[in-house]
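Colleague: sequence? don't have it. structure:
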Ligand SMILES: Nc1ncnc2c1ncn2[C@@H]1O[C@H](COP(=O)(O)OP(=O)(O)OP(=O)(O)O)[C@@H](O)[C@H]1O
Ligand SMILES: O=P(O)(O)O[C@H]1[C@H](O)[C@@H](O)[C@H](OP(=O)(O)O)[C@@H](OP(=O)(O)O)[C@H]1O
């Protein structure tokens, strides 16, 4: 799951903000709790996440967001109850880890050392298939994939050697929040794969009925949303199509299918017991 904590917060808040901006939330009882959240985010993330009406709503709940000055010592700022960050520079990660050890009373979201393996599309899936998910009314799998780090001309032979079936989804290996790291392609023939720019992962395309479920987890709270996605491909399509096609941000929040009237066989949410156990097991991998 791509990037757990960051997403969870975003999605729940998007919903809350909508409620608030529709006027429904106006008149929330004022909270007497005071919580200071120091944040260190890119301008892009600050714009998409810390919207003025969200800050307003947080204020009514006694939560104040304070921008961290990354050029000043962190311990001189605050005091904070929570530090929320999504900056990836090595120096910054060291600052945050040092701060976390000096200030165990502060909740740091997310500890860089704990989420390191989520920044790479190979390591983020490692261990996931080995989780103990028996008796949960479902199973979890990961697409078959290979990693290509150099020499794109070798990609077709690597794909043959690994026995990967076309079409393939090509994804940048590193996940760093940039637009480039979200640039995906679907390739229908091996030759076009040689045009790709490593480092990347090549994943078998998994038919899933044109719908994905994004699962956002905060502590024990689990929120599932339904999004439109890439359509299934059939055997006949494969003989007719060649080349490589960019994938737009196909399952972003603009592609909500929560209210769509869909075939129940694809619309049904994943079984709750599976999500609960999966969330717990994933947490063990990130703590
Ligand atoms: N192996 C696959 N088979 C079929 N479709 C896929 C596969 N991998 C990804 N997709 C489709 O591409 C979308 C984006 O993939 P992925 O989540 O890996 O990238 P992302 O850039 O992190 O996306 P997002 O911004 O939505 O989190 C998925 O929601 C799904 O629709
Ligand atoms: O809104 P959902 O469907 O949850 O998708 C999120 C992606 O999964 C995240 O990866 C995006 O964050 P990054 O751009 O920092 O990777 C995140 O970017 P954002 O925080 O700028 O909206 C979203 O696009």
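Modeller: Okay, I see it. Note that the coordinates shown come from a computational prediction; the quantities given were computed from them, not determined experimentally. Ligands and ions are numbered 1, 2, ... in the order given.

Colleague: so which helix or strand takes in the residue lying closest to residue 39 once chain neighbours are set aside?
Modeller: Nearest residue to residue 39, sequence neighbours excluded (CB to CB, 6 or more residues apart in numbering): residue 84, at 4.5 Å. (C-beta placed from N, C-alpha, C; glycine too.) Here residue 84, judged by DSSP states H and E, is contained in strand 82-85.

Colleague: packing partners of that strand?
Modeller: strand 35-40, helix 90-102, strand 107-109 (3 or more CB pairs under 8 Å, 6 or more residues apart in numbering; DSSP states H and E).

Colleague: okay, now the sheet partners of the last one, with direction.
Modeller: Neighbouring strands of strand 107-109 in its sheet, by DSSP bridges, are strand 82-85 (parallel).

Colleague: the first one too?
Modeller: Using DSSP bridges, the strands paired with strand 35-40 in its sheet are strand 63-67 (parallel), strand 82-85 (parallel).

Colleague: quick one: contacts of that strand?
Modeller: 46, 50, 58, 62-68, 70, 77-87, 92 (CB atoms under 8 Å, 6 or more residues apart in numbering).

Colleague: residues from the chain in reach of ligand 1?
Modeller: 2, 143, 169, 171, 182, 184, 203, 205-206, 212, 229-230, 247, 249-252 (CB under 6 Å from any ligand atom).

Colleague: rerun that using 8 Å as the cut-off
Modeller: 2-3, 7, 121, 143, 145, 169, 171, 175, 181-184, 186, 203-208, 212, 214, 227, 229-230, 247, 249-252 (CB under 8 Å from any ligand atom).

Colleague: filter those residues down to the buried ones.
Modeller: 3, 7, 121, 145, 169, 171, 175, 182-184, 186, 203-205, 212, 214, 227, 229-230, 247, 251 (16 or more other CB atoms under 10 Å).

Colleague: just the ones of the residues you listed in strands?
Modeller: 145, 169, 171, 184, 186, 203, 204, 212, 214, 227, 247 (DSSP state E).

Colleague: quick check: the farthest pair among these?
Modeller: Using CB to CB, those span at most 21.5 Å, a distance reached by 145 and 227.

Colleague: ok so, going back, need the helices and strands packed on strand 82-85 in CSV with mean pLDDT and mean neighbour count, can you?
Modeller: Shown next, in CSV, are those (pLDDT from 0 to 100; neighbours: other CB atoms under 10 Å):
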stretch, mean pLDDT, mean neighbour count
strand 35-40, 97, 18
helix 90-102, 96, 14
strand 107-109, 94, 17
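
Colleague: could you dump these to a markdown table with distance to residue 152?
Modeller: Listed next are the helices and strands packed on strand 82-85 as a markdown table, based on distance: least, CB to CB, whole Å:
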| stretch | distance to residue 152 |
| --- | --- |
| strand 35-40 | 36 |
| helix 90-102 | 28 |
| strand 107-109 | 37 |
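
Colleague: hang on, the earlier thing: tell me the most buried of the strands paired with strand 35-40?
Modeller: Most buried of those, by mean neighbour count (mean count of other CB atoms under 10 Å): strand 82-85, with a mean of 22.

Colleague: what comes into contact with that strand?
Modeller: 9, 35-41, 68, 74, 92, 96, 99, 106-110.

Colleague: helix, strand, or coil at residue 115?
Modeller: On the three-state scheme (DSSP: H, G, I helix; E, B strand; the rest coil), residue 115 is labelled helix.

Colleague: next one, pLDDT for it please.
Modeller: pLDDT for residue 115: 91.

Colleague: likewise residue 134?
Modeller: For residue 134, pLDDT reads 84.

Colleague: isn't there a strand covering it?
Modeller: No. Applying three-state DSSP, one finds residue 134 to be coil, outside a strand.

Colleague: out of the contacts of strand 35-40, which are close to ligand 2?
Modeller: residue 86.

Colleague: returning to that earlier point: could you dump the strands paired with strand 35-40 into JSON lines and include mean pLDDT?
Modeller: Converted to JSON lines, these look like this (pLDDT from 0 to 100):
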{"stretch": "strand 63-67", "mean pLDDT": "96"}
{"stretch": "strand 82-85", "mean pLDDT": "97"}
